[in-house]
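Visitor: 3D, please:
(one chain, ligands or ions: 1)
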Amino acid sequence: MLALSSVAAALLLLGAVTIHAATKVSEADFGKMPDGTLVKIFTLTNEHGLEARICTYGGVVVSLKTPDKTGQMADIVQGFDSLEGYLNPAEPYFGALIGRYGNRIGHAKFTLDGKVYNLPANDGVNTLHGGPKGFDKAVWTPRQLADGGVELTYTSKDGEEGFPGNLKATVAYHLTAADELKIDYSATTDKDTVVNLTNHSYWNLKGAGNGTILDHLLTIHASKFTPVDSGLIPTGELKPVAGTPFDFTKPTAVGARIEQNDEQLKLGKGYDHNFILDRSGAGLSLAARVEEPATGRVMEVDTTEPAVQFYTGNFLDGTLKGKGGHVYPRRAALCLETQHYPDSPNKPAFPTTELKPGQTYKTTTVYRFSVKK
Ligand code: GLA
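Guide: Next up, the predicted model:
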């Protein structure tokens, strides 16, 4: 009995050591904020050599290197070599954590428990991605986890960017042995509030800075999407994708229909829409798959969220100078922002984004990388 339990204990210990050793984490300084606050950058390297770099400013995924079918590594997210690039006010959320409310809230206001909350508008008359100083512009407090992950915490004060309640948000990044970037989001509040957290990485599986994503083959497991008005606010309709350019239920090149004469594509200047996932059960469910034919790189996205914003970099214009001198023209990358539906606080029929004291907001999204030979 004693012998058995020591063997079990030894195995357990071995297991713990193995998990710990699998992904290596190192920490360095990334720069300073204008007020002198130090920004750190963490490098996570898994046993297959995949490497993710994450900084404490905005919890940004600064780079992510994965192999192609010949084993050649490339950085597949858009971004900048140094902190200064991310501090540019024209910077469109490259790799950042988005909160308190990802995507749009119509007319920069919502009603909760009978009270109207007015928010700062930063996208025409609407509030986008938590407002002008969203979670993407905060310096998060980091903690290395014993299992090889990095946890970031940010407490958004009651009234910050117009939202009620002190909201403590925690995001854990892991680069797993299964070649996944796993993002676990959690949050608690001390007053009723609304929450919708996501990550805004801009992907190009050829390697960021190497042309557009129009030839990437995309599958989204969504048979409906939420059409929008001219301010990209959902009209409230849940529209079947069948027979429209929004049908990605079978692998289709992103660019195959993007220029079609379709009202929704015109409003979005391409794809910039919320797809409602055909989920299986309550846990992680496969949301999307992206394949880049030339390099063979494949990315699958699993999420616990009910929807995903598919955005084709329609507002990129090649004016930002990114990593290694690369510029990022229109459609140079795509985003798959797992989320609740935009404008849910004003749309009672949509799944709720309310969080109350005593409840814990918890979601997980996994980006899994492989190659097709
Ligand atoms: C999201 C929005 C887009 C755009 C980008 C950032 O994807 O839906 O309309 O604002 O963020 O530029």
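Visitor: what about the residue nearest the centre of the chain, which SS state?
Guide: In the chain, the C-alpha nearest the mean C-alpha coordinate belongs to N199, at 2.0 Å (Cα atoms, centre = their mean). Taken by DSSP: H, G, I helix; E, B strand; the rest coil, the conformation at N199 corresponds to strand.
Visitor: for S186, same thing?
Guide: Under three-state DSSP, the three-state class of S186 is strand.
Visitor: please report how far it lies from the ligand.
Guide: Separation of S186 from the ligand (Cβ to the nearest ligand atom, to the nearest Å): 23 Å. No exception for glycine: its C-beta is placed from N, CA and C like everyone else's.
Visitor: for F94, same thing?
Guide: For F94, the distance to the ligand - Cβ to the nearest ligand atom - is 9 Å.
Visitor: checking my notes, that residue in a strand, right?
Guide: No: secondary structure of F94 (three-state DSSP): coil, not part of a strand.
Visitor: can you tell me which residues contact it?
Guide: Contacts for F94 (Cβ atoms under 8 Å, 6 or more residues apart in numbering) come out as 60, 77-80, 86, 200-202, 322.
Visitor: the residues you listed into a markdown table, with extra columns for distance to L128 and pLDDT?
Guide: What follows is these, written out as a markdown table (distance: Cβ to Cβ, whole Å; pLDDT from 0 to 100):
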| residue | distance to L128 | pLDDT |
| --- | --- | --- |
| V60 | 17 | 99 |
| V77 | 21 | 98 |
| Q78 | 18 | 98 |
| G79 | 20 | 98 |
| F80 | 21 | 98 |
| Y86 | 17 | 98 |
| H200 | 11 | 98 |
| S201 | 17 | 98 |
| Y202 | 16 | 98 |
| G322 | 22 | 96 |
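Visitor: which ones among these are found in helices?
Guide: Per DSSP state H, helices hold the following members of the contacts of F94: Y86.
Visitor: rebuild the contacts of F94 as a markdown table, extending it with distance to G148.
Guide: Output for these, formatted as a markdown table (distance: Cβ to Cβ, whole Å):
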| residue | distance to G148 |
| --- | --- |
| V60 | 19 |
| V77 | 20 |
| Q78 | 25 |
| G79 | 22 |
| F80 | 26 |
| Y86 | 25 |
| H200 | 24 |
| S201 | 20 |
| Y202 | 25 |
| G322 | 28 |
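Visitor: of the contacts of F94, which is the most crowded?
Guide: Within those, most neighbours by other Cβ atoms under 10 Å means V60, with 29 neighbours.
Visitor: residue contacts, the residue lying closest to that one once chain neighbours are set aside?
Guide: If the residues on either side of it in the chain are set aside, V60 comes closest to G95, at 4.2 Å by Cβ to Cβ, 6 or more residues apart in numbering. Neighbouring residues of G95 by Cβ under 8 Å, 6+ apart: 58, 60-62, 77-79, 199-202.
Visitor: wait, isn't M73 in contact with L64?
Guide: No: between M73 and L64 there is no contact under Cβ atoms under 8 Å: 10.2 Å.
Visitor: element containing V301, please.
Guide: Under the criterion DSSP states H and E, the helix or strand holding V301 is strand 297-303.
Visitor: so what strands line up beside that strand?
Guide: strand 285-291 (antiparallel), strand 361-371 (antiparallel) (DSSP bridges).
Visitor: now tabulate those strands in a markdown table and tack on distance to T193.
Guide: A markdown table is the format used below for the strands paired with strand 297-303 (distance: least, Cβ to Cβ, whole Å):
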| stretch | distance to T193 |
| --- | --- |
| strand 285-291 | 25 |
| strand 361-371 | 10 |
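Visitor: any idea which of these gets closest to N166?
Guide: strand 361-371 (13.6 Å; Cβ to Cβ).
Visitor: check what contacts the closest one and list those residues.
Guide: So strand 361-371 is in contact with 50, 66-69, 178-188, 195, 197-199, 201, 284, 295-305, 338, 355, going by Cβ under 8 Å, 6+ apart.
Visitor: buried ones in stretch 227-247?
Guide: 227-228, 232-234, 238-239, 241, 245-247 (16 or more other Cβ atoms under 10 Å).
Visitor: save these as CSV, and put in pLDDT too.
Guide: Formatted as CSV, the buried residues of stretch 227-247 follow (pLDDT from 0 to 100):
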residue, pLDDT
P227, 98
V228, 98
L232, 98
I233, 98
P234, 98
L238, 98
K239, 98
V241, 98
P245, 98
F246, 99
D247, 99
